[in-house]
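In: Using only what follows, build the 3D model:
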Amino acid sequence: MSRKKRPEGTRRPNGTSTVYYSEYDGKWHGRVTMGVKDDGRPDRRHVKRATEAEAIKAVQELEAKRSTGDVTRPGTPWKVEKWLTHWLDTIATPSITPNAASAYRYAVNKWLIPGIGGHRLDRLQPEHLEALYAKMLAAGKAPGYAHQVHRTIKTALNVAHARGRITRNPAELAKAPKLAEDEIVPFTVDEARKILRAARDGRNGVRYSLALTLGLRKGETLGLKWSRIDLDNGVLRTPKQIQRHRWQHGCDDPHECGARLHKTKPCKPDCTVHRRKPCPPVCAPNCAKHASACPQRHSGGLREVDVKSRAGRRGVGIPKPLLRDLVEHKARQDAERRRAGSVWQEGGWVFTQPTGRPVDPRADHDEWKALLDHAGVREARLHDARHTAATMLLVLGVPPRAVMEIMGWSQLSMTARYQHVSAELVASIANQMEGLFWKD
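Out: Residues are numbered from 1 along each chain as shown. Reported below is the predicted structural model:
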């Protein structure tokens with residue numbers, strides 16, 4: 001059956017692309033319907049070129065994007081700075097913990113906006129991000145820190161892509177700096193045993209035994225309550241964690257409230273005040289920080305919050321030696337409570353200060369360093385204990401699915417980040433090879 005020719009003088013079907021010449025400006029114009037706007041009207045895109053061939057090519061490119069679904073939202077494209085600010089304030093912050101929001105905010109305001117904020121969102125290239133990472137390394141930042149900034153922009157641009165702001169995520173193609181292999185070194189079995197023995201002498205020493213053997217995160221361990229530990233059946237649950245949150249101003253003028261604490265001049269080269277950490281920068285002209293000194297401060301201090309994912313809300317079996325240590329720890333705490341009398345502030349916490357309040361994460365860090373020194377073990381991060389727990393599960397041959405449950409991971413890919421080929425595993429493989437090839 002032959003197609004009928006459209007009658008002369010009748011209009012083309014709705015949504016059909018058009019290419020035409022304009023006597024007004026001497027240019028060739030093309031118009032393509034890409035979809036529907038938020039208000040229900042057609043999203044009609046316009047291109048203008050010097051020749052008919054160029055206009056036709058531009059129209060065909062728009063039609064190809066329409067066919068594949070790679071269509072950006074109508075309107076003037078946003079700058080990277082505008083998107084990052086919108087994403088941080090409106091999309092990310094309301095759905096994550098304050099500590100995570102603080103880390104995002106620092107990466108955005110310290111590095112991303114100053115470094116790439118002036119680019120148009122749809123014209124941002126992987127090379128722009130790689131140049132930023134190189135600048136961070138040149139400034140003395142560790143590769144792991146650059147990776148944190150990379151993960152932040154990657155997350156923000158994933159949302160931009162899902163919402164049609166961009167047709168691809170350049171952070172997916174950008175190459176982040178290579179992490180130094182010695183940044184994370186799990187403890188050996190011998191080191192772990194030394195730490196466990198030394199932990200039995202400490203007031204809250206069993207707290208570090210939990211991190212080393214069960215891989216509990218700092219917030220999960222410090223947020224444990226006795227109501228979440230079944231001492232009879234040897235099981236603990238981790239639905240909550242404890243975190244230190246930044247204080248927020250409750251006054252009408254945060255800048256004026258913190259005026260007496262504003263730093264107006266940089267420290268001298270021979271500064272002796274800031275010995276344990278770098279000197280803080282000079283405050284911005286509109287500085288609204290120093291909320292901890294605000295008389296109406298709120299939302300700060302130690303707070304109990306939900307763990308960050310459903311996988312984190314898990315039940316973990318407790319080995320019998322560790323269970324005995326927990327029972328002894330509870331008996332010592334009961335005696336301490338009786339001695340403290342009315343000073344004790346009951347909260348049901350497993351690990352407490354002498355007054356019954358939960359342990360401050362900062363003090364916990366100092367106690368960990370003291371424990372390593374007491375055990376005669378090398379300097380290491382507390383988070384390396386979690387890597388150690390995951391690695392020992394690999395040595396024991398625990399199935400990956402069970403490892404995910406014990407460690408509280410929602411993705412199997414986390415095993416590659418936390419499980420390391422240890423000396424014990426290498427020796428075990430060698431013994432198995434010996435039994436396979438040289439058995440009698």
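
In: quick one: buried residues of stretch 301-316?
Out: 303, 307, 308, 312, 314, 316 (16 or more other CB atoms under 10 Å). Backbone N, C-alpha and C define where each C-beta goes, glycine included.

In: Could you report the neighbour count for the residue lying closest to the first one once chain neighbours are set aside?
Out: Spatially, and ignoring its direct neighbours in sequence, residue 303 is nearest to residue 245 (5.3 Å; CB to CB, 6 or more residues apart in numbering). Using other CB atoms under 10 Å, residue 245 has 16 neighbouring residues.

In: can you tell me the helix or strand for the spatially most central residue of the chain?
Out: By CA atoms, centre = their mean, the mean C-alpha position of the chain lies nearest to residue 100, the distance being 6.1 Å. Under the criterion of DSSP states H and E, residue 100 resides in helix 98-107.

In: Go ahead and name everything in contact with that helix.
Out: 88, 92-93, 96, 148-149, 152-153, 243-246, 299, 308 (CB atoms under 8 Å, 6 or more residues apart in numbering).

In: Out of these, name the ones that lie in strands.
Out: 243, 244, 245 (DSSP state E).

In: I'd like to know which of those is nearest to residue 421.
Out: residue 243 (32.8 Å; CB to CB).

In: For residue 338, see how far away that closest one is.
Out: Relative to residue 338, residue 243 is positioned 30 Å away (CB to CB, to the nearest Å).

In: the more surrounded of the two?
Out: Per other CB under 10 Å, whichever of residue 243 and residue 338 has more neighbours is residue 243, with 18 against 9.

In: doesn't residue 303 make contact with the more buried one?
Out: Yes - judged on CB atoms under 8 Å, residue 243 makes contact with residue 303 at a distance of 6.1 Å.

In: hmm, back to that, looking at the buried residues of stretch 301-316, spot the one nearest residue 324.
Out: Distances from residue 324 to the buried residues of stretch 301-316, taken by CB to CB, are shortest for residue 316, at 16.5 Å.

In: Which pLDDT value belongs to that closest one?
Out: Predicted confidence (pLDDT) for residue 316: 92.

In: Isn't it up against residue 239?
Out: No - if you go by CB under 8 Å, residue 316 and residue 239 don't touch, sitting 12.0 Å apart.

In: which stretches of the stretch 1-150 of the chain form strands?
Out: Taking DSSP state E, counting those that start in this stretch as the criterion, the stretch 1-150 of the chain contains strands spanning 18-22, 27-36, 42-49.

In: contacts for the last one?
Out: The contact list for strand 42-49, computed with CB under 8 Å, 6+ apart, reads 14-15, 25, 27-37, 55, 57-59, 62, 74.

In: CA atoms only for it - export them in CSV, please.
Out: Extracted in CSV, the C-alpha atoms of strand 42-49 (Å, rounded to 0.1, in the frame of the first residue of the first chain):
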residue,chain,number,x,y,z
PRO,A,42,6.0,20.8,24.5
ASP,A,43,9.7,21.1,25.2
ARG,A,44,10.7,22.5,21.8
ARG,A,45,14.5,23.0,21.4
HIS,A,46,16.0,25.5,18.9
VAL,A,47,19.3,25.5,17.0
LYS,A,48,20.7,28.1,14.7
ARG,A,49,23.5,27.5,12.1
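
In: For that strand, buried residues please.
Out: 43, 45, 47, 49.

In: any idea how far that strand is from the chain center?
Out: For strand 42-49, the separation from the chain centroid amounts to 40 Å (computed by CA atoms, centre = their mean, to the nearest Å).

In: other SSEs contacting the least confident helix or strand in the chain by mean pLDDT?
Out: Within the chain, no helix or strand scores below helix 423-437, which has a mean of 80 by mean pLDDT, DSSP states H and E. Judged by 3 or more CB pairs under 8 Å, 6 or more residues apart in numbering; DSSP states H and E, helix 423-437 is in contact with helix 383-395.

In: If we use 10 Å, what do you get?
Out: helix 189-199, helix 383-395 (3 or more CB pairs under 10 Å, 6 or more residues apart in numbering; DSSP states H and E).

In: low pLDDT regions in the stretch 1-150 of the chain?
Out: Applying pLDDT under 70 to the stretch 1-150 of the chain picks out residues 1-15, 38, 69-76.

In: In it, what residue spans correspond to helices?
Out: Assigned by DSSP state H, counting those that start in this stretch, the stretch 1-150 of the chain shows helices spanning 52-68, 80-86, 98-107, 113-116, 126-138, 143-162.

In: name the element residue 213 belongs to?
Out: Going by DSSP H and E, residue 213 is in helix 206-214.

In: after that helix, next one along is what?
Out: Heading C-terminal from helix 206-214 (DSSP H and E), you reach helix 218-222.

In: which residues pair with the nearest residue to residue 333 once chain neighbours are set aside across the strands?
Out: Distances taken as CB to CB, 6+ apart put residue 352 closest to residue 333, at 6.9 Å, once the chain neighbours are dropped. With DSSP bridges applied, residue 352 shows beta-bridge pairing to residue 358.

In: who's in contact with residue 352?
Out: 203, 204, 222, 333, 336, 337, 340, 344, 345, 346, 358, 359 (CB atoms under 10 Å, 6 or more residues apart in numbering).

In: which of those has the most neighbours?
Out: Neighbour max across these (other CB under 10 Å) = residue 222, 26 neighbours.

In: and stretch 375-394, C-alpha only, in CSV?
Out: The C-alpha coordinates for stretch 375-394 follow below in CSV (Å, rounded to 0.1, in the frame of the first residue of the first chain):
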residue,chain,number,x,y,z
ALA,A,375,50.3,-3.6,74.1
GLY,A,376,53.6,-2.8,72.4
VAL,A,377,51.9,-2.6,69.0
ARG,A,378,52.7,-0.3,66.1
GLU,A,379,50.8,3.0,65.6
ALA,A,380,47.5,2.4,63.7
ARG,A,381,44.1,3.9,63.2
LEU,A,382,41.1,2.5,65.2
HIS,A,383,39.4,1.9,61.8
ASP,A,384,42.2,-0.5,61.0
ALA,A,385,40.7,-2.8,63.6
ARG,A,386,37.6,-3.1,61.4
HIS,A,387,39.8,-4.0,58.4
THR,A,388,41.5,-6.6,60.6
ALA,A,389,38.2,-8.2,61.5
ALA,A,390,37.1,-8.4,57.8
THR,A,391,40.5,-9.8,56.9
MET,A,392,40.4,-12.5,59.5
LEU,A,393,37.0,-13.6,58.2
LEU,A,394,38.7,-14.0,54.9
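
In: In it, which residues are buried?
Out: 375, 377, 380, 382, 384-394.
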